[in-house]
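Undergrad: please find the sequence and the predicted model below.
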Amino acid sequence: MPQDKYNFMVSPERKNVINGGFAMDWHSQSLSNGRETRDWSTDKVYKVANRSKEKMITIITKTFDDCITLLQKFDTNQFEDRLDYFGLDRTKRQIFMPLTYHITHHRAQMVAYMRFSGLVSPRYVLYQ
């Protein structure tokens with residue numbers, strides 16, 4: 001998405017693309033890896049605030065890399081460890097599924113926004 005179209009809104013309740021990175025960080029690093037949770041209202045990593053497209057790509061790429069590293073090193077004996085997930089009792093195994101769904105959700109949002117903006121979205125290719 002070109003930087004000049006970052007403020008395009010289909011509806012007033014739209015979320016910024018970087019929210020996907022914030023959620024990925026929370027699911028992987030805070031819930032699954034035990035790091036203290038970031039506070040969205042004070043966070044300085046994932047707030048867009050006049051960041052260039054290149055800087056946002058750098059942040060999201062690092063978030064994906066950190067998540068992939070966690071998954072590669074994850075001790076599968078911890079899959080049944082239980083966590084509070086929005087007031088629900090969930091296992092770490094169950095936490096990994098919303099992580100995947102949320103990434104898919106934000107990718108779909110980006111594709112829709114690109115199309116509404118008159119752009120052709122990139123071809124989807126599964127990780128291979």
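TA: Cool, the structure landed.

Undergrad: how much space between the residue of the chain most remote from its centre and R123?
TA: Most distant from the centre of the chain: N77, at 25.0 Å, with distances by CA atoms, centre = their mean. To R123, N77 is 39 Å away according to CB to CB, to the nearest Å. From N, CA and C alone the C-beta is placed, and that goes for glycine too.

Undergrad: residues in contact with the single longest helix found in the chain?
TA: The longest helix of the chain (DSSP state H) is helix 92-116. Contact with helix 92-116 is made by 1, 5, 8, 10, 14-15, 17, 19-20, 23-24, 27-28, 31-32, 67, 71, 78-81, 83, 85, 120-121, 124, as judged by CB atoms under 8 Å, 6 or more residues apart in numbering.

Undergrad: among these, which ones are in strands?
TA: 83, 85 (DSSP state E).
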